[in-house]
Structure formats: structure tokens, C-alpha cells
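*Asks:* Using only what follows, build the 3D model:
(chains A and B)
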Amino acid sequence: METVFSAKAWATVWQYRATFLNGLMNTLGSAVVGLLIAMVIGFALGLMATGSRKGLRVIARVYVEFFQNTPLILQVCFLYYALAYSGVKITVVMIGFISLGLYHGAYVAEVVRAGIQSIPMGQFDAARSQGFDYVDTMRHIILPQTIKIILPPMVNQMVALIKNTSCLYIIGGADLIATTYNFVTGASTGGAYGPAYLVGGALFFCVCYPLSMMAGRWEQKLKARDRIKPEQTDDGAKEAAV
Amino acid sequence: MDQFMTELQGSIGILKNADVVSYLLKGLAFTLGISFITIVLSVIIGAVLALTRNYCTSGPARILRKIASAYIELFRNTPLMLWMFVCFVMCPAPNVSKGFAAFLGFSSTVAVKTLFKAIVAFTLFTSAIMAEIIRGGLNSVAKGQFEAAYSQGFGTLQTMTLIVLPQAFRNIVPTLLSQMITTIKDSSYMASLVTVELMGCTKLIISKANSYNGTWVDRFNRGTIHVTDVFVLFGFAFLVYFAINFTLSCAVRRMRREKRA
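*Replies:* Just a heads-up that it's a prediction; the model follows:
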């Protein structure tokens, strides 16, 4: 801890500032690509889980349960070792994209499912009676309404993704945590524990805190609006909603 | 194909080795033990943080509220792995005797110290999440409950411990259970510091799989680790984690359904 007050240690960190920024960029890059993959998987599974085909619903359920109930580190390690021992050449960065995407895909799927299920059944019936097919119903009527419900938890997923890039350390990734750790244990840079961890932590905090604040505020606003709603609608509408 | 079958049989053989299985089960026991200690400690710390953040709103106590808020936000917006590393370097650990280390199944006292530090980091981190969960429970208790308690002559402490906290905890049982799933999953982060829980143990066995899968001839021909070893051993770990967490998540779902009904 004493190194926090050591000017020399701070000077070393400043000298290697590019290393930290590089780590931050890798973390953000992995998080963004991971989120994109997670969204593709999540929307597909969310639609499957709310659809009418039983087989697809079961597949979505099994996927979500498997990925949510096992540790991400185990998934990352499994992918890494399985590919390494079967002779597949793939970079650690790619493994990061894939494993983060697969893991968070399960969470996004639950978010999407909850969003779709929050739309009253009457909307589906009304759309069908107007001649909309499944794709058009989803595209023009259901999904646009779910966006505002989906967005706050989606931002929370982004925060979780950024934090979870730290799992890549275990397979020798170049994320912010791995960079920080390699810095403090490195032969030429080692020892500057205090300043290095402070900088690494501060970088994480500066990215994650605004995002989680935003998501929190958003959610509060949505909740407040929901609380007002029932009193504004007439009795008939209230009954229909129940 | 024949070669694959032989390799697979060798890999499955690893799980028939009593030493390996008892080692992995010991890892599982540590996973559960570490998670249990962490959950108990972080519910206590979390409750204090939550009460402070929610009710220290007037007078000089406001500084405590600021501190609690800062603590919660700090730990919720930084990764657990960071705190593991920070505690690894900076957290003081008590000296333990060799006998105590051996009792826990460690050959060195250093490993026990590292385990202690990792649990401290894990508890610090989980406390912040628990605090927010408990705060949600506190906010779900109706304002009238406080007023009713005060009007009956209850003091602040009595109101909290007898009236508000019991109701708050009852409301958040499902959320606490699902946090238990997260905690069991997160305990695998320790594998980066010390080999003690299921994840770390599985990784260690895989790195030595050549001495268990039947390919080891002698010290000059040490055999090879096959991809089937990875599948069988990690598959075992997946199965164990899944069995525990899926059971918990089914319980959570049933409670939520019953609550709604």
C-alpha cells in the first residue's frame, strides 16, 4: 500500500500509461463485440422462448439454463483448452469474444423474453386480425414497444460485460485486469502495486459508473411511469390489463 | 475412430480414479464452504451498509451515508478479479500453524493465507451487491410500518430489528437465493490466485491428465493429454456446478411464482 505515496512508482505508471490505455481499449473492444454477439443470440433465443413451437422453446430454455448456471471462467477455460488440445489455432481475443457473447447471450435472452412477455396478448391478437404475419407483428408492433423495457437491463449487461472481461486473464488475455497484473509483476515494471491497481480500478470505475447510473435512473423513471398509469386509465382498461 | 474411443475410455478412466474424484470433491466442498462463509458475512455487512445508506439521512450521520454509498458504488462498478489481486498484495493475513494448514488439506501455510485474502476480497465485493439487494427489501416495507411501530413506543433499533428487517428479508428471499447462484459461480474467480475450489482443482487435474489417463508409461515416456480429457474433466465440473445452481434457480422460480399467485 505504501507504494501509493511513492513518486517513483507513480512515475513508472505514467511512463507506461499507453499500456493501461491499451488494456482499457482491449477490455472495451471485447465488451462491445461480446455484446453484439450476445444481442444476436439473445434476440434469437428470446423470440424462440416466446414462440409457439415447443421444440424451439425447449432449446432456448436449455441454452439459458446451461449458460446461467455454470461459471463464466469455466466456460472460458473449457473453450480455450478444448480448442488448444484439438489443434485449432485461434487467438485468445477471439475466444474472449465467443465466450463472452455466448454467456451474456443467455442473459440478453431473458431480458428480451421478459420484454416480449410484458406486451399484452391482445396486441398479438389485434395484429393477427389485421393480417400481420409473425415477422411483421414482431417487427412493427411488439419489438418497438419492448425497446424501452429492454434498454436499462441491456446497459446493465454492458457493465457486467466490461467487468467480466477480467475472466480473460485466466487464459492469458490482454484485457485491463491482465495488463494491470502483468504490469505489477513484470520484471522491468514490477512493484508499483498501489498506483497500478488504483489506475486500473479507476479506469473500470470511470467507464462502469456512468453506465450503471444511467441504467438506474432510466429504470426508476419507467417504474414511476408504471405507477401513475393505472390511475389514469379507466376501469375497463384496468380489467383488461389484469 | 478406434483411437478416439481408446482416448475417451482413458479419459473416463480418470473419473474412476478414487484419488482424483476425492480431490475434486474436496474442491467442491471448498467451493460450497467459501460461498457459504462469503454469503453469511456479506449479508451482515450488506445489511449494515443498506441501513446506513437508507436511513442515515439527517445530521452528522449523513457522512456515514456518503461513505456507505461510495463503498457500494465502488465495488459494484469494478471487477471482482481486481479486488482479488488487490487483497492478494495488500490484505494482511493472520499467521497460521502448519497443523491448521494440514487440517484444511494444504501442504503450505502460504496457501491458507492466500485463501484467507481471497475470501476477504470476495466478501468485500459481495457485500456491496448484498447491500443493494437488502436496500430493495427495505424500500419494499411500507412507510406505515415505521409510523405504526413508533406510535407503539418502539425505539429506532427495535423498529428496525423487530419490524422492518424481518419483513425486508422475507421479501428478498428469492433474490438472495439467486445471488447465492452468482456467489457459487464467482467463487471460481479464486482459481486465478489459489488452487482450492472446484474450478482450480479441475484445472490442476487437467494439467496432469497424462498421469491418469493411461498413457503414462514411465518417467521417460510421460504420455499425452488428449482433448477428451478436457471434455470429460470440464464436463464433470460443468455438471456439478449446473446441478447445484439449477436446483437453486428452480427454487427461486417456484418462490417467485408462489409470491405472484
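*Asks:* For B:Trp130, which non-adjacent residue is closest in space?
*Replies:* Small correction: residue B:130 is Met, not Trp. Nearest residue to B:Met130 in three dimensions, chain neighbours excluded: B:Gly46, at 2.9 Å (C-beta to C-beta, 6 or more residues apart in numbering or on different chains). Yep, even glycine has a C-beta here, placed from its N, CA and C like the rest.
*Asks:* can you give me the helices for the stretch 51-200 of chain B?
*Replies:* B:62-76, B:80-90, B:98-104, B:109-140, B:143-151, B:156-158, B:165-171, B:173-186, B:198-207 (DSSP state H, counting those that start in this stretch).
*Asks:* Kindly reformat these as CSV containing mean neighbour count and mean pLDDT.
*Replies:* Listed next are the helices of the stretch 51-200 of chain B as CSV, based on neighbours: other C-beta atoms under 10 Å in any protein chain shown; pLDDT from 0 to 100:
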stretch, mean neighbour count, mean pLDDT
helix B:62-76, 16, 95
helix B:80-90, 23, 92
helix B:98-104, 13, 84
helix B:109-140, 21, 94
helix B:143-151, 12, 88
helix B:156-158, 11, 86
helix B:165-171, 16, 91
helix B:173-186, 19, 94
helix B:198-207, 22, 93
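*Asks:* For A:Ala18, which of the ones you listed is the nearest?
*Replies:* With C-beta to C-beta as the measure, helix B:80-90 is the member of the helices of the stretch 51-200 of chain B nearest A:Ala18 (20.2 Å).
*Asks:* Enumerate the residues of the stretch 151-261 of chain B near chain A.
*Replies:* Within the stretch 151-261 of chain B, the positions near chain A by C-beta under 8 Å from any C-beta of the partner chain are B:181, B:184-189, B:191-192, B:199, B:202-203, B:206, B:225-227, B:229-231, B:234, B:237-238, B:241-242, B:245-246, B:249.
*Asks:* leaving aside the residues next to it on the chain, what's closest to B:Ala209?
*Replies:* Here the residue nearest B:Ala209, using C-beta to C-beta, 6+ apart, is B:Asp229, at 3.9 Å.
*Asks:* Next, work out how far apart that neighbour and B:Gly10 are.
*Replies:* Using C-beta to C-beta, to the nearest Å, we find B:Asp229 at a distance of 8 Å from B:Gly10.
*Asks:* likewise A:Thr146?
*Replies:* For A:Thr146, the distance to B:Gly10 equals 50 Å [C-beta to C-beta].
*Asks:* Return the residues in contact with residue 68.
*Replies:* All of this refers to chain A. If a contact means C-beta atoms under 8 Å, 6 or more residues apart in numbering or on different chains, then A:Gln68 has A:106-107, A:110, B:181, B:245, B:249 as its contacts.
*Asks:* wrong one, chain B
*Replies:* By C-beta under 8 Å, 6+ apart, the residues touching B:Ala68 are B:49-50, B:52-53, B:56, B:131.
*Asks:* quick one: the helices in chain A?
*Replies:* Ranges of helices in chain A, per DSSP state H, are A:7-15, A:17-50, A:54-68, A:72-85, A:92-117, A:121-129, A:134-136, A:143-164, A:176-185, A:193-232, A:235-241.
*Asks:* Let me know the angle separating the third one from helix A:17-50.
*Replies:* Same thing as helix A:54-68. In terms of direction (axes from the mean of the first three to the mean of the last three C-alpha atoms, to 10 degrees), helix A:54-68 departs from helix A:17-50 by 150 degrees.
*Asks:* Can you check the pLDDT for the closest residue in space to A:Ala114 that isn't next to it in sequence?
*Replies:* Spatial nearest neighbour of A:Ala114, chain neighbours left out: A:Ile149 (7.3 Å); criterion: C-beta to C-beta, 6+ apart. We note a pLDDT of 87 for A:Ile149 in this prediction.
*Asks:* Cool, thanks, talk later.
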